[in-house]
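J.: fold the following and give me the result.
(2 chains)
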Amino acid sequence: MDKGDPMGFEFPSDAWIKELSDHLNQSASYERSAKDWEGDFVFVVEPDEAYAETAYLFLGLHHGKSTGAARVESQDEREAAFVIRAPYSIWRKVIEGDLDPIRGMMTRRLKLSGNMVKIMRYPRAAQEIVACCAEVPTDWT
Amino acid sequence: MWHFVSPEIVFGEGALDSLDELRGWRSTPGRALIVTDTTLLELGLVDRVRSRLHTAGMETHVFDAVEPEPSVQTVQRGRDVAEEVAPDWIVGLGGGSPMDAAKAIWVLYERPDLEPADINPFVDLGLREKARLITIPTTSGTGAEVTWAIVLTDNVEGRKMGLGNRENVADIAIVDPYMAAGMPPRLTADTGLDALTHATEGYLCTWHTDLTDGLCAQAARDILRYLPRAVADGDDLEAREHMHHAATAAGLGFGNAMASLAHAMGHALGASFHIPHGRAVSLCLPYTIEFAAREAAERCVNLVQLLGLTDGQRTGAALALADGVRHLVDEVGNPTRVSQLGIDRQLFETQLEKLIDDAFSDTQMVTAPRSPSYQDLRRLFLCTYTGDAVDF
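T.: Sure, this is the predicted structure:
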């Protein structure tokens, strides 16, 4: 299996989500597409054959900027309006651009908790986040 | 992994007669609630449907308050009517507005715990406990008879809402060309061009599949061939029938893939300047094809071959496709640029930022074969105003 960039940031690590946060804050396209967005996320990485643990990544998002990011110990450690859960291999497909996140949610491969209507009003922002994910050099464990 | 959803489709001349066989499945003899508008009531199309349902022994009730671009508030009133009537069948009769309203009324009748805004593709709705849905289109364009999308307007917040869930696709779609045979030329053109945009974008969008490509290509080919005839002579029933079927095929195609940039831009244009949906999206379509040329060259080659289009004055499949679309739009008397709609350039430019923001927040934007930047989108909108070809 391709391990990605060995000099990159291990997914799902604290360094990886912080790097994503930095990329978002440098992205004018993301800032414009999410200029009215309010709502933090927790991404839950569930174990599968490629990854044995459950990991929780917090990403603060407010008005087109990332307000902070960290790997946390549980879903409840940081309050978040939205929680997206998926197995590790599905997250890899999203991050590598092989699975559109909206399509992933429609087929229930990504499970979203939170205000669905709000998410549907910011499809371009979701696309820009994925674009920033692809820019993060990633080392797949 | 993906899904292909479709109702049972009864189509062709006499398809409406199939209602004679309809039976109540929860009550005897069965009750139907027809969701429609006053125009169709006046035209006698509602009576044609009621007559068939009465032949089947069904009790019928009519909710005819659906307005163009139906509102959340109208749908909530329709839900109240459904709760009083307790129908086995809800019948969406009309163009896209009554059919969309019928879908939403059905969901809310089944799930009184939900608000319209809760109808989204990410949840399980658990429908078909109380009623089932029949759709009967009276225009040849929207495809709403076979799609699960619902567009409602929230009059309180003043915004359009793109809703829907795979479960809320109709159980039966009755696609009878005679139900659309009375459309006047302008409505025939606008709705037919809407169907062409569905077919073309369904083929070119990034969510297209092997199962949708054939439907989209066949629909586009028939629309190119038959729409001018249907507009020129409304009594040309061969053209009417092919157009009616093409609109449904296009609906199946794009409804199981997605629309794309022309819809995102057309929705924005329509909302700002009150342009009919089909007119707005088809005006944008050639420009978005030209813009996509760089990223979707092979798809354009395939579609041009399937459509039998040949290169015109400009070389390249995408440009031939854009020219073919533009020629058809012009041939049926529709505008090919915004300036032809009588919209002042200064007014248009004052709306540009809103147009861009609205297009970017449209769900159809994410499936564009080439994703525009904000600057690209600004230039694209300006091209739609002036009629200049997209060369960037």
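
J.: distance from the helix or strand hosting residue B:264 to the middle of the chain?
T.: According to DSSP states H and E, residue B:264 maps onto helix B:261-273. On the basis of Cα atoms, centre = their mean, to the nearest Å, helix B:261-273 sits 14 Å off its chain's mean C-alpha point.

J.: check what pLDDT the residue nearest to the spatial centre of chain B gets.
T.: Closest residue to the average C-alpha location of chain B: residue B:142 at 2.6 Å, with Cα atoms, centre = their mean. Residue B:142 carries a pLDDT value of 97.

J.: and it, how far from residue B:45?
T.: From residue B:142 across to residue B:45, the span is 16 Å (Cβ to Cβ, to the nearest Å). Glycine gets a C-beta too; all of them are placed from N, C-alpha and C.

J.: ok, back up a step: which helices and strands sit right next to the next helix or strand along the chain from the helix holding residue B:264?
T.: Of the helices and strands lying after helix B:261-273 in sequence (DSSP H and E), the nearest is helix B:277-292. Packing partners of helix B:277-292 (3 or more Cβ pairs under 8 Å, 6 or more residues apart in numbering or on different chains; DSSP states H and E): helix B:185-204, helix B:261-273, helix B:317-331, helix B:374-386.

J.: look at residue B:279 and say how many residues are nearby.
T.: Residues lying near residue B:279 (other Cβ atoms under 10 Å in any protein chain shown) number 22.

J.: hmm, back to that, A helix includes the residue nearest to the centre of chain B, no?
T.: No - assigned with DSSP: H, G, I helix; E, B strand; the rest coil, residue B:142 falls outside any helix and is coil.

J.: quick check on the nearest residue to it once chain neighbours are set aside: phi, psi?
T.: Leaving aside its sequence neighbours, residue B:142 sits nearest to residue B:96 (Cβ to Cβ, 6 or more residues apart in numbering or on different chains; 3.5 Å). Main-chain torsions, residue B:96, degrees, to the nearest 10: phi -60, psi -40.

J.: for residue B:96, give its distance to residue B:40.
T.: Distance, residue B:96 to residue B:40, by Cβ to Cβ: 13 Å.

J.: looking at the helices and strands packed on helix B:277-292, which is buried most?
T.: Mean neighbours per residue, mean count of other Cβ atoms under 10 Å in any protein chain shown, is largest over those for helix B:185-204, with a mean of 28.

J.: next structured bit after that helix?
T.: Per DSSP H and E, the first helix or strand lying C-terminal to helix B:185-204 is helix B:210-232.

J.: quick check: buried residues in that next one?
T.: By neighbour count with 16 or more other Cβ atoms under 10 Å in any protein chain shown, helix B:210-232 contains the buried residues B:212-213, B:215-228, B:230-231.

J.: find the centremost residue of chain A, please.
T.: Centroid-nearest residue in chain A, with Cα atoms, centre = their mean: residue A:43, separated by 5.9 Å.

J.: so the nearest residue to that one once chain neighbours are set aside is in which element?
T.: Leaving aside its sequence neighbours, residue A:43 sits nearest to residue A:57 (Cβ to Cβ, 6+ apart; 4.4 Å). Using DSSP H and E, residue A:57 falls within strand A:55-62.

J.: in the least confident helix or strand in chain B by mean pLDDT, what counts as buried?
T.: Within chain B, confidence by mean pLDDT, DSSP states H and E is lowest for strand B:159-164 among all helices and strands, at a mean of 84. Neighbour counts over strand B:159-164 (16+ other Cβ under 10 Å) mark B:160-164 as buried.

J.: contact partners for residue 108?
T.: No chain was given, so I picked chain A. Contacts for residue A:108 (Cβ atoms under 8 Å, 6 or more residues apart in numbering or on different chains) come out as residue B:122.

J.: hm, I was asking about chain B
T.: Contacts of residue B:108 by Cβ under 8 Å, 6+ apart are B:75-76, B:78-79, B:82, B:114, B:116.

J.: and which of the residues you listed is nearest residue B:274?
T.: residue B:75 (21.4 Å; Cβ to Cβ).

J.: how about the backbone phi and psi for the closest one?
T.: For residue B:75, the backbone dihedrals (degrees, to the nearest 10) come out as phi -60, psi -40.

J.: with adjacent residues omitted, what lies nearest to residue B:192?
T.: Once flanking residues are discounted, residue B:192 sits nearest to residue B:227: 4.2 Å by Cβ to Cβ, 6+ apart.

J.: any idea how far residue B:75 is from chain A?
T.: Using Cβ to the nearest Cβ, to the nearest Å, residue B:75 is found at 15 Å from chain A.

J.: how about that residue, what does it touch?
T.: Residue B:75 makes contact with B:101, B:104-105, B:108, B:116, B:152, according to Cβ under 8 Å, 6+ apart.

J.: between residue B:96 and residue B:40, point out the one with more neighbours.
T.: Taking neighbours as other Cβ under 10 Å, residue B:96 and residue B:40 compare with residue B:96 leading, 27 against 24.

J.: and the more buried one, how far from chain A?
T.: If you go by Cβ to the nearest Cβ, the gap between residue B:96 and chain A works out to 19 Å.
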